[in-house]
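Participant: this one's sequence-less:
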Ligand code: SF4
Ligand code: SF4
């Protein structure tokens, strides 16, 4: 039994010289390594509210609700850090690749689990005929930018983009309404677009 004792002595001397292996957390903030996967957080500018992250989350840690605020309809997406397993699927599968990122935040301690979340809100674009949700406004604009000039083949997409640029006003919409089959020149859900395109 000579060898283990020598090994322990070596470890003891090493610990005396190098100090303890453990950090002094919580007395001193712990600095995690660069690759550490901490609490996921939304980037309001990059997120388009598409819900891909919610669909791929294996832990069911992401949910959403659609709420009315004034004359606007809002999609509220929440990541619950107390359910998150920090797998990174949401980040890897994010449509814009930057809408949600795992941060380097190590400390999850809280007195109330209800405080353990991060959320983002996105305005919804509604069908101008039936009022159904089409998609988030930012999502339509993102598609329009990706498609470039090709987006002119889909009035819902390019009108959403023009609306964000502030160049669609009542006059343009009124002129469009006076045209035959003018309903096609509106932001429409799939069902209303089918009706406007196929029915008289
Ligand atoms: S890191 Fe994984 S578990 Fe956590 S929110 Fe993202 S997908 Fe869900
Ligand atoms: S853009 Fe990314 S973070 Fe935002 S809802 Fe879509 S997948 Fe989630």
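Facilitator: Now that the structure is in, tell me what you want to look at. The shown structure was predicted, so the numbers you read here are calculated from the model rather than taken from an experiment. Numbers count the residues shown, from 1 in each chain. Ligands and ions are numbered 1, 2, ... in the order given.

Participant: interface residues of this protein facing ligand 1?
Facilitator: The interface of the chain toward ligand 1, taken as CB under 6 Å from any ligand atom, is made up of 40, 57, 59, 61-62, 79, 84-90. To be clear about C-beta, it is placed using only N, CA and C from the backbone, and glycine gets the same treatment.

Participant: Can you pull the domain assignment for this structure?
Facilitator: Following automatic domain parsing, one finds the domains of the chain at 33-125, 127-200.

Participant: Nearest approach to ligand 2 belongs to which of those domains?
Facilitator: Closest to ligand 2 of those is domain 33-125 (CB to the nearest ligand atom; 2.7 Å).

Participant: so how far is the closest one from its chain's centroid?
Facilitator: Put simply, domain 33-125 sits 6 Å off its chain's centre (CA atoms, centre = their mean, to the nearest Å).

Participant: Over that domain, what's the mean pLDDT, rounded is fine.
Facilitator: Taken as a whole, domain 33-125 carries a mean pLDDT of 95.

Participant: This structure: helices as residue ranges?
Facilitator: For the chain, applying DSSP state H gives helices covering 2-18, 52-56, 89-92, 137-147, 155-165, 170-178, 190-198.

Participant: can you redo the ones you listed as TSV with distance to residue 24 and mean neighbour count?
Facilitator: Shown next, in TSV, are the helices of the chain (distance: least, CB to CB, whole Å; neighbours: other CB atoms under 10 Å):
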stretch	distance to residue 24	mean neighbour count
helix 2-18	15	9
helix 52-56	35	17
helix 89-92	30	18
helix 137-147	43	20
helix 155-165	50	20
helix 170-178	63	11
helix 190-198	58	14
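
Participant: Kindly reformat the domains of the chain as JSON lines containing distance to residue 8.
Facilitator: Shown next, in JSON lines, are these (distance: least, CB to CB, whole Å):
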{"stretch": "domain 33-125", "distance to residue 8": "28"}
{"stretch": "domain 127-200", "distance to residue 8": "60"}
